[in-house]
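> Any chance you could fold what I've pasted below:
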Amino acid sequence: MNSLSNKKMATHLPLTRKEVIERGWEEVDVIIVSGDAYVDHPSFGHAVIGRLIESEGFRVAIIAQPNWRDDLRDFKKFGAPRLFFGVTSGCMDSMVNHYTANKRLRSNDAYTPGGESGFRPDYATIRYCTILKELYPQVPVIIGGMEASMRRATHYDYWSDSLKPSILVSSGADLLVYGMGEQPLRRILGLMNKGVPVSSLQTIPQTALLIERSSTLPKNKKWESISLASHEECLKDKRSYASNFKIIEREANSVFARRIVQEVDHKFLLINPPFPTMKEKEIDASFDLPYTRLPHPKYKKRGAIPAYEMIRFSVNMHRGCFGGCSFCAISGHQGKMVASRSRKSILKEVDAITEMPGFKGYISDLGGPSANMYGMKGEVQSICDKCTRPSCIYPSICYNLGTSHKSLTEIYREVSAHEKVKKAFVTSGIRYDLFMEKSDSNGENGYSEYAEELISNHVSGRLKVAPEHTSEQILKMMRKPSYQSFIAFKKRFDLISEKKGLNQQIVPYFIASHPGCELGDMAELAAKTKETGFKLEQIQDFTPTPMTLATVTYYSGYDPYTLKPVYSAKGKEERSCQNRFFFWYKKENRGWIMSTLKKIGKKDLIAKFINIA
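Numbers count the residues shown, from 1 in each chain. So this is what the prediction gives:
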């Protein structure tokens with residue numbers, strides 16, 4: 001039971017030596033090392049894993065944002081754990097956390113008290129593992145989280161502009177848990193507690209490991225194996241590297257996946273198939289653990305933790321995303337299949353939030369990776385069992401996908417009716433194509449009802465959506481719906497807002513420099529969005545993050561599924577020019593836009609920009 005539903009507050013997991021002693025522990029079973037500050041909340045991976053380990057009856061302590069520059073006392077404060085060290089860079093890849101798309105060092109860190117930067121190293125997972133292996137060479141190190149998960153095989157690292165091998169090679173870790181780690185971790189804990197050495201944990205689903213090339217593959221009668229081009233082949237041939245991605249993505253999204261084998265550094269990398277998608281009871285159990293939902297008291301004098309402030313009064317209703325967007329890491333990490341919590345678990349969390357200090361009646365988000373994928377899955381499981389599509393909604397919405405929004409609408413209404421809730425917002429991005437592109441003449445799926453409920457009652461002035469581009473060609477590269485689908489949704493949004501007398505707006509997100517996007521495409525985007533009445537704010541340059549389709553395309557120059565060449569803007573000047581089109585409304589860009597349109601053969605667009613103020 002979530003203790004915040006009671007008067008008594010739960011205590012944090014030990015973060016200091018003093019807290020371990022106060023518990024009467026002589027040793028710790030597992031120590032989690034994280035690049036994020038310790039926030040005991042289900043949105044923070046180290047808290048979820050720590051609470052899971054605790055729930056299995058083990059003693060767990062956390063080393064959060066250890067100092068790697070001094071005498072390493074932070075790494076030594078608990079001594080050696082009985083079972084293993086669990087290492088994560090935090091909720092984000094440490095390089096994405098540190099640097100902008102232009103490779104400029106960020107001045108803040110949302111996962112650190114006071115938003116201060118400089119509290120984690122570059123390539124944090126590797127740095128932490130290297131230190132632990134030097135201090136405690138006999139203690140197993142298991143890595144997980146976004147950074148480890150998305151770097152599990154050969155991957156392109158944008159910040160060093162190089163192809164890197166599996167992070168297992170670079171870190172020296174003994175085992176890698178990819179994706180959401182509760183299921184494999186329970187198996188690991190049980191076996192290691194029985195005395196099984198980490199070197200024998202070779203057939204646990206959703207893990208990756210290195211074995212000697214002379215070794216025979218560990219046996220599992222249910223698994224077939226498929227080989228990737230070796231790391232060395234990838235270094236020599238970009239097409240080989242590109243072709244690997246198709247295999248990795250398909251196996252990650254298959255119900256009956258094969259084990260992936262890749263030769264690297266004179267060893268074999270084994271990536272075992274994932275566990276089945278969490279059932280409702282399992283995901284409820286993870287969210288119902290006794291989180292305090294608060295940062296550790298140690299941080300009180302250092303200032304607020306921005307990432308926590310953003311989600312402290314929010315509810316994550318599900319995991320996974322079947323959108324398969326080419327530039328997004330969510331499906332690669334959380335999986336394509338959606339795991340949804342029960343209505344009871346969600347409402348229990350709402351009860352807990354209303355008892356939190358500082359709560360003033362506003363739930364900041366009823367969301368998820370894509371807010372309105374809650375409860376959605378294949379209607380006939382046998383069809384899903386054979387499917388290898390990376391997306392359930394691209395190039396069209398699968399006929400077997402259940403897309404009813406009725407249960408989601410009901411939850412919105414129940415939360416809104418809570419006596420201590422004044423307003424419950426939806427601030428996670430939504431997929432408008434899920435209720436705009438399928439007919440619902442008899443209202444069975446509740447598409448119109450959902451749109452009405454969402455727009456009328458759950459928009460905090462501005463609703464985030466992500467059309468990403470206006471070019472049909474680029475949208476295909478992105479695996480996103482037609483721009484016309486966005487225009488149709490905007491019309492409905494404006495109509496309902498006007499009918500209800502609501503002063504609110506849509507905030508669309510767009511990307512520049514995505515693979516396949518040329519300067520002319522950005523000119524068209526600027527013209528079309530200007531015509532629609534947008535002065536764009538939420539814009540971004542494409543950042544190549546490890547193990548996404550777009551990143552593989554960017555580095556290799558090939559579409560992994562067709563192996564046809566694809567252009568990408570790579571130089572600083574090329575990328576800067578694409579971004580500049582977003583700001584057509586700035587006076588200093590007027591002359592540049594006119595001369596550029598002439599230069600690239602887009603004179604026909606000049607009339608659309610001629611009245612730039």
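> For the nearest residue to residue 487 once chain neighbours are set aside, grab the count of nearby residues.
Leaving out its chain neighbours, the residue that sits closest to residue 487 by CB to CB, 6 or more residues apart in numbering is residue 532, at 7.1 Å. C-beta here means a position set from N, CA and C on the backbone, and glycine is covered the same way. Using other CB atoms under 10 Å as the criterion, residue 532 is surrounded by 14 other residues.
> and if you look at residue 313?
22.
> Equivalent analysis for residue 21, please.
Residues near residue 21, counting by other CB under 10 Å: 11.
> Then residue 380?
Quick note: residue 380 (other CB under 10 Å) scores 10 neighbours.
> Need the phi and psi values for residue 291.
Backbone torsions for residue 291, taken as degrees, to the nearest 10, come to phi -70, psi 140.
> residue nearest the centroid of this protein?
Residue closest to the average C-alpha location in the chain (CA atoms, centre = their mean): residue 330, at 3.7 Å.
> quick one: the helices in the stretch 401-550 of the chain?
406-416, 433-436, 447-457, 472-478, 483-499, 519-532, 549-556 (DSSP state H, counting those that start in this stretch).
> Show residues contacting the third one.
Right, the one you point to is helix 447-457. Applying CB atoms under 8 Å, 6 or more residues apart in numbering, the external contacts of helix 447-457 come out as 372, 405-406, 408-409, 412-413, 416, 423, 426, 430, 435-436, 438, 440, 443, 463, 492-493, 496-497, 500, 502, 504.
> and the angle for it with helix 483-499?
60 degrees (axes from the mean of the first three to the mean of the last three CA atoms, to 10 degrees).
> Now which of the contacts of helix 447-457 would you call buried?
Neighbour-count burial (16 or more other CB atoms under 10 Å) is assigned, among the contacts of helix 447-457, to 372, 405, 408-409, 412, 416, 426, 430, 435-436, 440, 463, 492-493, 496-497, 504.
> coming back round to it: surely the residue nearest to residue 487 touches residue 489?
No: taking contacts as CB atoms under 8 Å, residue 532 lies outside contact range of residue 489: 12.0 Å.
> in the chain, which ranges drop under the pLDDT threshold?
Scanning the chain for pLDDT under 70 picks out 1-10, 538, 611-613.
> The same query, at a cut-off of 80, please.
Along the chain, the model assigns pLDDT under 80 to residues 1-10, 437-442, 537-539, 610-613.
> what's the distance between the residue nearest to the centre of the chain and residue 370?
Between residue 330 and residue 370 the computed distance is 8 Å (CB to CB, to the nearest Å).
> where do the contact lists of the two overlap?
Common neighbours of residue 330 and residue 370 (CB under 8 Å, 6+ apart) are 321, 323.
> Now do the buried residues in stretch 415-428.
With burial defined by 16+ other CB under 10 Å, the residues of stretch 415-428 counted as buried are 415, 416, 418, 421, 424, 425, 426, 427, 428.
> CSV please, covering those residues and showing distance to residue 555.
Listed next are these as CSV, based on distance: CB to CB, whole Å:
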residue, distance to residue 555
415, 43
416, 46
418, 48
421, 47
424, 42
425, 38
426, 35
427, 33
428, 30
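> Next, give me the two most distant ones among these.
Using CB to CB, the buried residues of stretch 415-428 reach their maximum pairwise distance at 418 and 428, which is 19.4 Å.
> I'd say residue 535 and residue 582 touch.
No: at 9.3 Å, residue 535 does not count as touching residue 582 under the criterion of CB under 8 Å.
> ok, those two, which is more surrounded?
residue 582 (23 against 11).
> Against residue 21, how distant is the more buried one?
55 Å.
> again with residue 135
For residue 135, the distance to residue 21 - CB to CB - is 21 Å.
> How about residue 244?
Here residue 244 is placed at a distance of 49 Å from residue 21 (CB to CB).
> residues touching the closest residue to residue 60 other than its chain neighbours, list them.
Counting by CB to CB, 6+ apart, residue 53 is the residue found nearest to residue 60 once chain neighbours are left out, at 4.3 Å. Contact analysis of residue 53 by CB under 8 Å, 6+ apart lists 29, 30, 32, 60, 185, 189.
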